[in-house]
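# Everything below, folded, please.
(one chain, ligands or ions: 1)
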Amino acid sequence: MKLVQFKTKTSDEARLGMLNNDVIVDITEIAPTTLEFIKRGAAAAHAAKNANAKTAFALDAVEYLPAVNPGKIIAIGRNYYDHAIEGGDEPPKSPLMFTKFLNSLNAHNANVTLHAISEKIDFEAELAVVIGKKASKVSEADALDYVFGYSCLNDVSARDLQFADGQWVRGKGLDGFCPLGPAIVTKDEIADPQALKIEGVLNGQVMQSSNTNKMIFNVAYLIHYITQAITLEPGDVIATGTPEGVGVFRNPPVLLKDGDVFEVVIENIGTLRNSFVSAQ
Ligand code: ZN
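Numbers count the residues shown, from 1 in each chain. Model (predicted):
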């Protein structure tokens, strides 16, 4: 099942839908949000399978919202070997955790503002993990039981702020710098989260091309590691790190500019597309 949060173009009311090929079946009556859907568990999933396809919208009739509204977003830095190396760093010996605040959430197809405070704004294609149930001190063996689903995420980064501050809070946390979607794909559709082709595509040109099998710390280990310290709640998002090919470490660097379109493409999960626009 592929869950999307959206509005119709004629109403401001947020709705929940199920992406079925090229239509969105409205399941707002079953649960009003992705987070509520997750919390309602098997009953909601069962009801959605029997949802009335008559209440469907064409994709061009909707405006996407962020695919889930989590309580928190935990991100992992340098989690692909070749990305750590391209940045001149040793691969980390344990997961390098940071956070993106909820002000950074953004939607599929939405414009991302190139805030004037930064001159070095970069892209990072990442697999997002969405938690399905409260997780505290879980074992690596049980960790995937706590996953609800997966999505695409762009960990947009203001490199000048990130590197100057030392702490990554500001450089990674600007308003709108966490596009997430278009859909949350439930885990039953993903046989192995460590065997997914992942690409970052800038204006049609492939800049990042890897596979989630190249993560240094896999999804199960990350959940195990995080939950030794921090309880994960339903709907919480883990951004699992980006592969090599980001803009700032290219020669010459490729930084985002007005009019650029960046896509995060993950096998069996979807394509997250955003345009980047100068601050007015
Ligand atoms: Zn990242």
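
# Run a quick neighbour tally on the closest residue to the ion within the stretch 151-280 of the chain.
Nearest to the ion in the stretch 151-280 of the chain, going by CB to the ion, is D155, at a distance of 3.3 Å. All C-beta spots, glycine's among them, are computed from the backbone N, C-alpha and C. Look at D155: counted by other CB atoms under 10 Å, it has 27 neighbours.

# repeat for L222
Neighbour number of L222 under other CB under 10 Å is 23.

# before we move on, what about I24?
Count around I24 with other CB under 10 Å applied: 27.

# And stretch 113-123, how far out from the chain middle?
Offset of stretch 113-123 from its chain centre (CA atoms, centre = their mean, to the nearest Å): 19 Å.

# Let me see the contact set for whichever residue of the stretch 1-150 of the chain sits closest to the ion.
Per CB to the ion, E124 is where the stretch 1-150 of the chain lies closest to the ion, at 4.1 Å. Counting by CB atoms under 8 Å, 6 or more residues apart in numbering, E124 makes contact with 154-157, 200, 242, 246.

# In those residues, find the pair that's most separated.
Greatest spacing in those, by CB to CB: S157 and G200 (12.3 Å).

# Find the residues that touch each one of these two.
123-124, 246.

# Secondary structure and pLDDT added to those, as CSV?
Shown next, in CSV, are the shared contacts of S157 and G200 (DSSP: H, G, I helix; E, B strand; the rest coil; pLDDT from 0 to 100):
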residue, secondary structure, pLDDT
F123, coil, 98
E124, coil, 98
V246, coil, 97
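
# right, and out of those, which lies closest to V265?
Closest to V265, out of all of these and judged by CB to CB, is F123, at 12.2 Å.

# That closest one and P253 touch, don't they?
No - if you go by CB atoms under 8 Å, F123 and P253 don't touch, sitting 12.0 Å apart.

# which of those two has more neighbours?
Legend: neighbour count by other CB under 10 Å for F123 and P253, higher for F123 (30 against 12).

# quick one: the spatially closest residue to the more buried one that is not a sequence neighbour from L102, how far?
Using CB to CB, 6 or more residues apart in numbering and skipping residues adjacent in sequence, the residue nearest F123 is F262, 4.8 Å away. F262 sits 21 Å away from L102, going by CB to CB, to the nearest Å.

# tell me the secondary structure for L161?
helix (DSSP: H, G, I helix; E, B strand; the rest coil).

# State the number of residues packed around it.
22.

# What backbone torsions are found at the closest residue to it other than its chain neighbours?
Take L161 and drop its neighbours on the chain: the residue closest to it by CB to CB, 6+ apart is G171, 3.8 Å away. With angles defined as degrees, to the nearest 10, G171 sits at phi -60, psi -30.

# Let me see the contact set for G171.
Per CB under 8 Å, 6+ apart, neighbours of G171: 118, 157-165.

# Could you do S210 as well?
So S210 contacts 80, 82, 197-199, 243-245 (CB under 8 Å, 6+ apart).

# Residues of the stretch 51-200 of the chain that sit close to the ion?
Residues of the stretch 51-200 of the chain lying near the ion by CB under 5 Å from the ion: 124, 155.

# Helices of the stretch 51-200 of the chain, residue ranges please.
Using DSSP state H, counting those that start in this stretch, the helices of the stretch 51-200 of the chain run over 81-86, 159-165, 169-172.

# now the second one: mean pLDDT?
Going back to what we said before, that points to helix 159-165. What helix 159-165 shows for mean pLDDT is 96.
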